[in-house]
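**Student:** Curious how this folds, go ahead:
(2 chains)
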2 protein chains.
Amino acid sequence: MSLTPFFTPTGVAIVGASSNPTKLGFSLANNLLQSGYTGAVHFVNPSGGTLLERPLYPTLAEVPDPVDLAVLLIPAPAIPHALVECGQRGIRAVILASGGFRETGPEGAALEEETVRVARAHGIRLIGPNCIGLLDTHLPLDTTFLPPPGPTPGDVAFISHSGAICAAVIDWARGQGFGLSRLVSLGNQADVTETDVLAPVAADPYTRVLTLYLEGISDGQRFVEEASKVTRQKPVIALKVGRFKSGQQAVASHTGALAGQETAYNAAFRRAGVIRADTSEEMFDWARALAWCPPPRGRRVAVLTNAGGPGVTAADALEMHGLELAPLAPATVAALQTFLPSAASFHNPVDMLASASPEHYARSLRALLNDPHVDSVMVILPPPPMYTAGGVARAMIPIIQSAKKPVVIAVMGERMIQEAVEYFRAAHVPEYRFPERAAGALNVLTRRAETLAREVESPLHRADVSPDKVAAALAPFVVGASAPQKGTEVPTTNGRFLPQDTALQILAAYGIPTLGLELARDADEAVAIAARMGFPVALKVASPDIPHKSDVGGVLLDVRDQESVRAGFASVIEAAKRAQADAVIEGVHLQRMVSAGQEVITGTVRDAQFGPLVMFGSGGVEVEGLKDVAFALAPATRGEIEEMLEKTWAGRKLRGFRSLPPADREAVIEVLTRLGQLAADFPPVGGDGDQSVKGVAGGGGGVGCEGEGREVDKVDR
Amino acid sequence: MSLTPFFTPTGVAIVGASSNPTKLGFSLANNLLQSGYTGAVHFVNPSGGTLLERPLYPTLAEVPDPVDLAVLLIPAPAIPHALVECGQRGIRAVILASGGFRETGPEGAALEEETVRVARAHGIRLIGPNCIGLLDTHLPLDTTFLPPPGPTPGDVAFISHSGAICAAVIDWARGQGFGLSRLVSLGNQADVTETDVLAPVAADPYTRVLTLYLEGISDGQRFVEEASKVTRQKPVIALKVGRFKSGQQAVASHTGALAGQETAYNAAFRRAGVIRADTSEEMFDWARALAWCPPPRGRRVAVLTNAGGPGVTAADALEMHGLELAPLAPATVAALQTFLPSAASFHNPVDMLASASPEHYARSLRALLNDPHVDSVMVILPPPPMYTAGGVARAMIPIIQSAKKPVVIAVMGERMIQEAVEYFRAAHVPEYRFPERAAGALNVLTRRAETLAREVESPLHRADVSPDKVAAALAPFVVGASAPQKGTEVPTTNGRFLPQDTALQILAAYGIPTLGLELARDADEAVAIAARMGFPVALKVASPDIPHKSDVGGVLLDVRDQESVRAGFASVIEAAKRAQADAVIEGVHLQRMVSAGQEVITGTVRDAQFGPLVMFGSGGVEVEGLKDVAFALAPATRGEIEEMLEKTWAGRKLRGFRSLPPADREAVIEVLTRLGQLAADFPPVGGDGDQSVKGVAGGGGGVGCEGEGREVDKVDR
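**Tutor:** Numbers count the residues shown, from 1 in each chain, chains lettered A, B, ... in the order given. Have a look, this model is predicted:
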C-alpha cells in the first residue's frame, strides 16, 4: 500500500485535538495550522465545540472530504477502535502519536499487535505508535506536537527511531544554521519502518541528503536493497546507536563472536553505499557538506590560511583522513607571488600571513581553485587582526558559489567571527569551528564522490557449483525440516556441528579446495594413511561432540614419522576423553601438513538482520586476539573482497612484505567468492549465532575446519 | 634567570607604543591600560608626545622607575639595539612581539641569533620573537595587541606555540562560556620555551588546568622532567600538531621508522602525566571538566535521561571510552520508584520518560549521586516537552555543586536550551551539546584520577650490569670520539651496524640472555659447530655490510642435518653476494633454533627530542605490517612496561590465549628493563635515526639481532 498520503496528504484529520493549550492535542493542532499546510485540516474530539476557529467534530465519520491522513493522539486503548473508524472513513494513512504500546511492556505489546491487525484488516498503513510524527518544511506540513518553532526549511532530511532526539536536532540545526527538508519520527515501527520511508523521502526534490538515526534494523536485507537504490541518487548518512549491546551476547562460534551485529551493519552499509557516522555532530557536519558542495574529483586538498599553526593542524587532520595536500602548480605559485607578501608561504598550506586582507583571501582562493592539481580547498579564517572576518567571507562567497570544486571553511573563534559564519550559512558554504571537523567533511565528500564514480558491482557468482550435493550432505543433520535445498531457510541443526568429513564434502561441492582428510579408526590404520599421504601429517581427534579440538589437546601437528603417528593416535584420544568424558570419539582424522604459504582464516556467519556474511582475516589465535578480520555481505562483490583484503594485515601481506614472499591472492579471492555463494545458497551454512552448522565456516585456501589444527590451513603459493 | 617579572611585573614599558589607532603599537598600549593592570605603565616612542593621556618617552633610558618588563614592538633590525637599552635600564624580562626573525628565512635567523646573543650578554630573558605576548586575567595584565575584548577571567591556562590560534581560542572560549587564567604566546622561542613557563604558569593560584598547543618540543628530556612535577599538582592537556611530518623522513632501521616522533611524544607524555588531546575541541572540552569537577573514584557511570535514544548513545559512547554503566544499588532503584512513573526505566541508563519535571531530574540525580556503586553521572537534557531546560538546570545545580562526584551534562539542542547552558556555565558545571563529548570528558576525568592515585614510579634499575664491558666492546666502532663511557654522548658510529658478535657481547654485559652465536668461516666449520649445538640450527650470513640479512636471502632457518648445513653455508653466501656484490662477507653465523615459546620483538631507538625509548611488540614481519608495537621512555618504569604489554597483542598473549600456552612474561619484563637501562646508559645503542648502532636493538627474550632470523627470537617458556 502506498505511503503517498503521509507525504502529500490532501486533507489531514487530527483525532484527539484539544482546546486545552496545556495538552499535546492542542500543540499538534496548532502546529499543523501554523505550518502553512495548504490542504484541508480537520479536528476531531468527542467534546465537540471549536478549536482555533475550526469545528471540533465529535467523530471521524462526520469529517468532510477531503481527508486521507489521520493523526491519532488519544489514549492507547482507544486506538484500535479509532482505526476502524479511519477505515470506514476511507483513510489509509495514520500516524499514531500516542504512547502506551510495546515500549511499556507485554500488555502494551499485545495492544500494539491488535492495532496492527486492525490496520491490516482495513488496508491502513501506520507510522508509530509512540512517535513524534512527520514534518515537511517545503510542502509544508507539520504533524508533530513539538513546541515551536519548527525547523528552518532546508535540504537535509532526518529519519529517526528516537522521538526525543528530533526536538534536539530541530533546535540544534537552527543554531548550526542549516535547515531540514523532511523529518520522520518512526516510533515503535509497528508497520512503517525506516526502510519503507527511504524512497519516499529521497523522492522529495528539496531533499539533498538523508540522515538516519537508527537503533536497529529489522529487515536488513530489504534495507540494503532499498538503500542501495537511494544512495545512487542521494547521499545517505546513518548514525547507528546501541553498538555495544551485541558484545554482551555470548555466541558459540569464534566467527560469530567476531562478527557481532556491528560488523554486519558495517558490511550492509558498505554494500548499500550508506555513510556511517560515529557521532551526531559528525552526521550533520557531513550532511551540510554533502548538501551544499559539488563532488571533488580526487583527494588533493589545498589549504589557505593566514597563520601557520592552524595550517599545520589542518594538514594533520587531512592526512589523518587519508586526504593529500595538493602539490601546487608553478603557475599557481607564480600567481600568488604577484600579490602576497614575499614572506608568505607559497607551498601548500598557503600561509598569507596575519596581514591577509579580504582581497588576499579572495584572490588566493581563486588561484587555488584554478589549479588543476587541486580537487578541493579548505580555508582557515581565525579572526583577522586587521580586518573583519565578515569582510573576508563576503569577498570569498561569490568565488565559492561559482566554483566547481568544494570549498569548506574553518572559521575559528566564536563571537568575532559570528558575522562571517552567518554570511557563509546564508550562502550555503559549509563552515566549521575547527580545521579538524572541516577535514572530516572534506573526507566524506571525497568518499561519496569515489562511491559514485565506482561502477555498480554485482556479487560474484560461479556456475560450477553443485547445490544438490550440498543439500544431500546436509540432509541428515537438519532438524525440523525436510531435506534442505538451495535457497531454502533451514532453521536449525540443533546446535550441533557438522562432522568434518561432511563439511569437506560441502566445500568440495562448491569448488573450494581442501586438504584431504582421512579417518583412522585405530593406530595401525593411522600409520598406513600417514605413509600414503606423506609426512609430516596432522592428527585431530574425530568427534562430533568436540568442535574446538585444539582447546582440548585433540590436535597434533607436524607429526613426522610412523612411530609418532602411533603414539599421537593414543595421545589425542586420551586428551579428548580427559577433557570431555561423554564425547563420542570415532577415531582420528589425518591431514597432510602444508608448510609453505601464509595462514589465513576464511569463514561465514549468519546475521539475524542481514543474513550471510563472509569473513577473512589472520588465522591462528590472532583471529580473536588481534581482531584482524573483515566481513562482507555474502555473496560478496569483487570490490568488497578487495576491501576485506586491504583492510586486514592478513590480506595486505598476501602481496608479500619484506622477506615474506607473495602468496596466491587470487586463490583467496576465489575461496571467498565461493564460500559467500555457499553461505547465501544454504542459510544454515555459517549458522546464526548459537545454533548453526559451524563445520564449514573455517579454513584457508587449502581448508580444514574452524577451530581445528590451524597450522594446516595455509594458502599454497 | 628568573621569569618572575614576566608574570608579576612591577612596571611595564611598551617600546613602539603608537598614537596611531590603526597601528598594533596603539592596540598594545590600549590593551595594557584597559586590562586594569595596577603596576606602572610606560610608553616609549622616539616621536615623543603623549598617548592615552600618558607621556611617550623618546628613549627607554628616560622611563622612570619602576620598570622590570619591556614589550618591544619595533622593526626587527632595531631589536638588538633596543635590548642593549633594556639591559642598561636594568630590565631583565623582554617580550619581543615583532616578527621578521627566523620565520622569514636565513637573514631573519641570523638576526634572531644576534638578538639572543645580546640578550644573554645583558642577562635578559626573552619571550618571542614573533609572538602575541602574555596575558593574565586575574593579576590582571595584557601585553597583547589583539583586538578587544580580551578573555573572560577563568581557570584554564593556555600556552601556545602558535600566535594566530590565541585570538581564536580567546574568542571561542568566550562563546563556549569558559574563562582563561593565563595565556602565553611563545612565538619563535628564541629563549623562553614551553618548558620554561610550565612551572610559573602552574604556580598561579587561579589556574586549575594547563592547556598546551605544541608544534614541537626542543628539549624533550627537560620537558618530561618539568611537566612531571607540574602534573602531580595540576592537570596538563597537550594538543601536539605537525604529527604527520615525521612520517615522511625515511630512516634506516625498522624500529626507528616505527617509533617516529609521535611515538616518542606519546611515551614522553605518558611518563610526564600529560594528557594528549587529538583536536582543539577535545582539549577544551576536557579542560572545563578537569577545572570544575572533583575526581571520580572509579569508572562506573550513571546516566540520567528523559529519553531512550540519547541514553543509548550515551551508553555507547561511555563503553567506547572504556567506562562502565554502574549497576544501581537496590536502594537507589527503590528510591527512584517512589516518584518516577512506573513506565520509567529504573536500570542504568535511568530513563525518566519525556514527562520528567525539574523535580524529577533533581531527585533522581540526588539518588544516583548517593548510590555507592556510582562514581560519576552524565545527565542528558534534550528540550523537555513540558518544561523549560532552564528550570531543569536550576533544580539540579545546587545538587551538583554540593556533590563529591563529577556530573557532566549533555544539553541537547541549541536555542531552546540556551538558558540552561548559561546557568550551567555560570555554575561551572561542564555541559556539552552531545552525549559523545560528555562521555569523552568523563573518561579524561577518570584517567586523571587514576594517574593521581598511582604511586610515583621510578624507572627500573638493575645493579648487576657491566658498563665497562659495553664501553670496551663499543670502542672500536665509534667515530670521532674517545672510547665511550656510561652516560657519555657518543655522536656516531658512522652509519654502520655493529657486528652481531659485538652486539651479543653488549647484551650479555647487561644480563640480557641471548642464544649462542658462532661464526663458521667455511662449510666444515659450520657442520662441526652445528653438531656441537644440536639440530635444528639457523644459518645467517656474517657481514658487517648487510643489516637486514633475511631480505637478501642470507638467512636459513630450521636446518636439520649436516648435509643441509653444508649446502646452506654455500647458499646463504651466494645469495648475499648476489644481492650485494661489494659486501664484506666473513662467513656464516650459526644459532640454535628455539621452537617452543612465543615470538616477540624488543628494541630501543633514540629520539632526537626525548632520548632513548624501549620498544616491545610482535616479532616477525608483523612488527612493521601490523604495527603491533608500543614504546616507553628508557629506562622504563614497571607501570610503563606493563602498559606496553597490555597495549600490544604480543604482550597480551604472553598470559596465554585459548590453546596458546602462557609464556614467561616476567622474562620479557626483565629484558625490557635491562635493554632500557642499556640504551639510557649508552646513547649510541639504539641509534638516533639514520646513523646508529642497530645491532643491539632487536631480539626477544632469547635474543638475536634486529632484522635477522626472526624465527629464533623466541621467549622460552
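
**Student:** Contact partners for the residue of the stretch 1-150 of chain A at minimum distance from chain B?
**Tutor:** Among the residues of the stretch 1-150 of chain A, A:Thr104 lies closest to chain B, at 4.9 Å counting by CB to the nearest CB. Where you see a C-beta, it was placed from the backbone N, CA and C, and this is true even at glycine. Counting by CB atoms under 8 Å, 6 or more residues apart in numbering or on different chains, A:Thr104 touches B:Ala343.

**Student:** cutoff 10 Å now
**Tutor:** A:Thr104 makes contact with A:Ala76, A:Leu111, A:Glu112, A:Asn130, B:Pro341, B:Ser342, B:Ala343, B:Leu353 under the criterion CB atoms under 10 Å, 6 or more residues apart in numbering or on different chains.

**Student:** Which of the residues you listed fall within helices?
**Tutor:** Among these, the members falling in helices (DSSP state H) are A:Leu111, A:Glu112.

**Student:** mind checking the end-to-end distance for stretch A:46-59?
**Tutor:** Stretch A:46-59 has an end-to-end distance of 6 Å (CA to CA, to the nearest Å).

**Student:** How about stretch A:170-185?
**Tutor:** For stretch A:170-185, the separation between the terminal residues is 12 Å (CA to CA).

**Student:** what about it and chain B, touching?
**Tutor:** Yes: with CB under 10 Å from any CB of the partner chain as the threshold, stretch A:170-185 lies in contact with chain B, specifically through A:Ile170, A:Asp171, A:Trp172, A:Ala173, A:Arg174, A:Gly175, A:Gln176, A:Gly177.

**Student:** how far does that stretch sit from the chain's center?
**Tutor:** What separates the centre of stretch A:170-185 from the centre of its chain is 23 Å, taken as CA atoms, centre = their mean, to the nearest Å.

**Student:** and if you look at stretch A:554-568?
**Tutor:** Remark: stretch A:554-568 is offset 47 Å from the chain centroid, using CA atoms, centre = their mean.

**Student:** repeat for stretch A:27-36
**Tutor:** Its chain's C-alpha centre lies 35 Å from the corresponding centre of stretch A:27-36 when counted by CA atoms, centre = their mean.

**Student:** Kindly provide the whole-number mean pLDDT of it.
**Tutor:** Averaging the model's pLDDT scores along stretch A:27-36 yields 96.

**Student:** C-alpha coordinates for it, CSV please?
**Tutor:** What follows is stretch A:27-36, C-alpha atoms only, in CSV (Å, rounded to 0.1, in the frame of the first residue of the first chain):
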residue,chain,number,x,y,z
SER,A,27,0.1,21.8,20.2
LEU,A,28,-0.5,19.3,17.4
ALA,A,29,-3.5,21.1,16.0
ASN,A,30,-1.7,24.5,16.4
ASN,A,31,1.5,23.3,14.7
LEU,A,32,-0.4,21.9,11.7
LEU,A,33,-2.2,25.2,11.2
GLN,A,34,0.9,27.3,11.8
SER,A,35,2.9,25.1,9.4
GLY,A,36,1.1,26.7,6.5
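
**Student:** what about that stretch and chain B, any contact?
**Tutor:** Yes: judged by CB under 10 Å from any CB, stretch A:27-36 and chain B are in contact via A:Ser27.

**Student:** buried residues in that stretch?
**Tutor:** Using 16 or more other CB atoms under 10 Å in any protein chain shown as the burial criterion, the residues of stretch A:27-36 that qualify are A:Ser27, A:Leu28, A:Ala29, A:Asn30, A:Asn31, A:Leu32, A:Leu33, A:Ser35.

**Student:** Could you do stretch A:276-285 as well?
**Tutor:** Of the residues in stretch A:276-285, A:Arg276, A:Ala277, A:Thr279, A:Ser280, A:Glu281, A:Glu282, A:Met283, A:Phe284, A:Asp285 count as buried by neighbour count, 16+ other CB under 10 Å.

**Student:** and the closest residue to chain B within the stretch 501-650 of chain A, how many neighbours?
**Tutor:** Across the stretch 501-650 of chain A, no residue is closer to chain B than A:Ser550, which sits at 4.3 Å (CB to the nearest CB). Counted with other CB atoms under 10 Å in any protein chain shown, the burial measure for A:Ser550 works out to 21 neighbours.

**Student:** For the stretch 251-400 of chain A, give me the ranges with low pLDDT.
**Tutor:** Of all residues in the stretch 251-400 of chain A, those with pLDDT under 70 make up the ranges A:251-260.

**Student:** That one: helices as residue ranges?
**Tutor:** Counting by DSSP state H, counting those that start in this stretch, one finds helices in the stretch 251-400 of chain A at the ranges A:254-272, A:280-292, A:308-320, A:330-337, A:358-370, A:389-402.

**Student:** ok, which pair from the buried residues of stretch A:27-36 is furthest apart?
**Tutor:** Within the buried residues of stretch A:27-36, two members stand farthest from each other by CB to CB: A:Ser27 and A:Ser35, at 12.0 Å.

**Student:** Are there residues contacting both of the two? Which ones?
**Tutor:** Shared contacts of A:Ser27 and A:Ser35 (CB under 10 Å, 6+ apart): A:Thr144, A:Pro148.

**Student:** Next, find the distance separating the nearest residue to A:Pro341 once chain neighbours are set aside from B:Gly105.
**Tutor:** Excluding the flanking residues, the one nearest A:Pro341 by CB to CB, 6 or more residues apart in numbering or on different chains is A:Leu353, at 5.8 Å. From A:Leu353 across to B:Gly105, the span is 13 Å (CB to CB, to the nearest Å).

**Student:** try A:Ala526
**Tutor:** Distance from A:Ala526 to B:Gly105, by CB to CB: 80 Å.

**Student:** Show the contacting residues for the residue nearest to A:Pro341.
**Tutor:** When contacts are taken as CB under 10 Å, 6+ apart, A:Leu353 is in contact with A:305-308, A:340-341, A:343-345, A:360, B:99, B:103-104, B:164.

**Student:** quick one: which of the residues you listed is nearest B:Asp545?
**Tutor:** Proximity of the contacts of A:Leu353 to B:Asp545 was ranked by CB to CB; the top entry is A:Ser345 with 41.8 Å.

**Student:** residues in contact with the closest one?
**Tutor:** Contact partners of A:Ser345, counting by CB under 10 Å, 6+ apart, are A:Thr305, A:Gly308, A:Gly311, A:Leu336, A:Asp351, A:Met352, A:Leu353, B:Glu103.

**Student:** Nice, that's everything, thank you.
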